[in-house]
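Engineer: With the sequence up front, the predicted model follows.
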Amino acid sequence: MTFFSFLKYPVFFTLFYAFFNFSPVYAKTDTKKQEVNSFYQDLESFTKILGNIKRLYVDETNNTELFEDAIKGMVGGLDPHSSYLKPKEQKKLLENTSGKFGGLGIMINAKEDLIEVISPIDDTPAYRAGIQAGDLIIKIGDKPVRGMTLEEGVDLMRGKPNTKVELTILRKNKKPFKVDITRQIITIVSVKGYLLEKDMGYIRISSFQIPTANLLKQTFDKLTKKNEQPLKSLILDLRNNPGGLLNAAIDVSNLFIDEKGLVVYTKGRIPSSNTKFKTELGDIMHGAPMVVLINEGSASASEIVSGALQDHKRAVIMGKTSFGKASVQTIIDLKDGHGLKITTARYYTPLGRSIQAKGIEPDIVLKNIDLENEKEDNIFGSTTEKDLEGHLVTEDLTELSPKDILKSQENKKIEIDKKIIEKLKKDYFVHEASNLLKALTVLEKGK
């Protein structure tokens, strides 16, 4: 069966004709001739395989599905972050960046033939079930992950709220174990803040979405108001933050930088991928000492912020080496709701460092040490429905006035905040960051 027997398929005819039509231009050099010949040979091999599938496969095959599968394989083979998106997958991606989606609340990445957890998202079913950064998912329900695409894994883990899914987890130095997780509608509040003590703030960013920078500014203003005077130091916690939108990372970085220069720059093969993102002057901390906490679950946008603040010597980076994802993906809309997510550039820190597969090296390295048997990255782990701000109260509403209900909820929130602050103080990373900031604050006073 030859290549020409498949010209009845319009897509191949169009592709062949387009390439053939321009071949005189390409054929001006021996190198171009070789490229053209190689292209035809590869295309003929492809069509031979397609012909054998159509002729010999045990079941009838659908041309559209075969072509889509071929495209998925082609794009998926580029790198773990490029993918061909069906309409449903395109919709999910948009939901993620908006901050609301259904599922388990887990950020994942392809690792060889398995699915690796980059990090669970705070206050989600996966987080409360004890899923950790670095866990490998080897089964979803009764289906082995090996041979599955990342998108297929996501489809299996997402589903209707209040339905369960069983994950089989492989964790370092442990035998595989199963975890039952109940799906929920995941609404991410990407920024949380607490006044650790007088003049010292703590802000955690769990992911970078469209509203993240504004939420951070609002949280900072609330902490300043609660402190009754400007904060003298700040801990910015980016541990287990898997990243998100590039623009959100740039906006967050600009909240703390007050000198001319770059936040980040990108380099790719086409001119539009070569972009410099400049700083916008205006440090909300007015130069007061800062510590940024990172670990192996801090990726992408988290690394942009960490790298920018490190290169501008604006903050001390503490913790463990970050994940090392320094690539930029572009979403291209295709027909009928399909999309192409493709890696179009690498990003570099202001001083020109590429951290791809290397990560951000902290200025001060910290080891995993438990204080009073508290798990390092599980400081919010005991939060349940009854602890959430604005939860449905159990009191009989016919016997309580709206004012009493609001007062009850506010008292509950104050109690929760106190518990969380106590847990934060027992977190080894936060404890060390706090000690460093106290020392830096004393030095600032002595200047």
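Structural biologist: On my side now, so go ahead.
Engineer: The chain: helices as residue ranges?
Structural biologist: With helices called from DSSP state H, the chain shows them at 10-21, 23-26, 30-56, 63-76, 87-98, 125-128, 150-157, 212-227, 246-254, 301-311, 402-426, 428-446.
Engineer: Quick one: closest of those helices to Lys143.
Structural biologist: Closest approach to Lys143 among these (Cβ to Cβ): helix 150-157, 6.6 Å. Every C-beta, even on glycine, is put in place using the N, C-alpha and C of the backbone.
Engineer: ok so, going back, just so I know, which of the helices of the chain lies nearest Pro362?
Structural biologist: Short answer: helix 301-311, nearest of the helices of the chain by Cβ to Cβ, at 8.4 Å.
Engineer: That closest one vs helix 212-227, what angle?
Structural biologist: Using axes from the mean of the first three to the mean of the last three Cα atoms, to 10 degrees, the inter-axis angle of helix 301-311 relative to helix 212-227 is 60 degrees.
Engineer: who are the neighbours of helix 301-311, in terms of helices and strands?
Structural biologist: helix 246-254, strand 262-267, strand 290-294, strand 316-319 (3 or more Cβ pairs under 8 Å, 6 or more residues apart in numbering; DSSP states H and E).
Engineer: before we move on, back to that, among the helices of the chain, which is the most enclosed?
Structural biologist: Among the helices of the chain, helix 301-311 has the highest mean neighbour count (mean count of other Cβ atoms under 10 Å), at a mean of 27.
Engineer: chain center to that helix: distance?
Structural biologist: 15 Å (Cα atoms, centre = their mean, to the nearest Å).
Engineer: thinking again about what came up before, could I get the helices of the chain as CSV with mean pLDDT?
Structural biologist: CSV is the format used below for the helices of the chain (pLDDT from 0 to 100):
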stretch, mean pLDDT
helix 10-21, 40
helix 23-26, 46
helix 30-56, 90
helix 63-76, 91
helix 87-98, 71
helix 125-128, 90
helix 150-157, 88
helix 212-227, 96
helix 246-254, 96
helix 301-311, 97
helix 402-426, 70
helix 428-446, 90
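Engineer: any chance of the ones you listed in a markdown table, with distance to Lys143 too?
Structural biologist: What follows is the helices of the chain, written out as a markdown table (distance: least, Cβ to Cβ, whole Å):
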| stretch | distance to Lys143 |
| --- | --- |
| helix 10-21 | 31 |
| helix 23-26 | 45 |
| helix 30-56 | 23 |
| helix 63-76 | 18 |
| helix 87-98 | 18 |
| helix 125-128 | 18 |
| helix 150-157 | 7 |
| helix 212-227 | 34 |
| helix 246-254 | 34 |
| helix 301-311 | 31 |
| helix 402-426 | 37 |
| helix 428-446 | 37 |
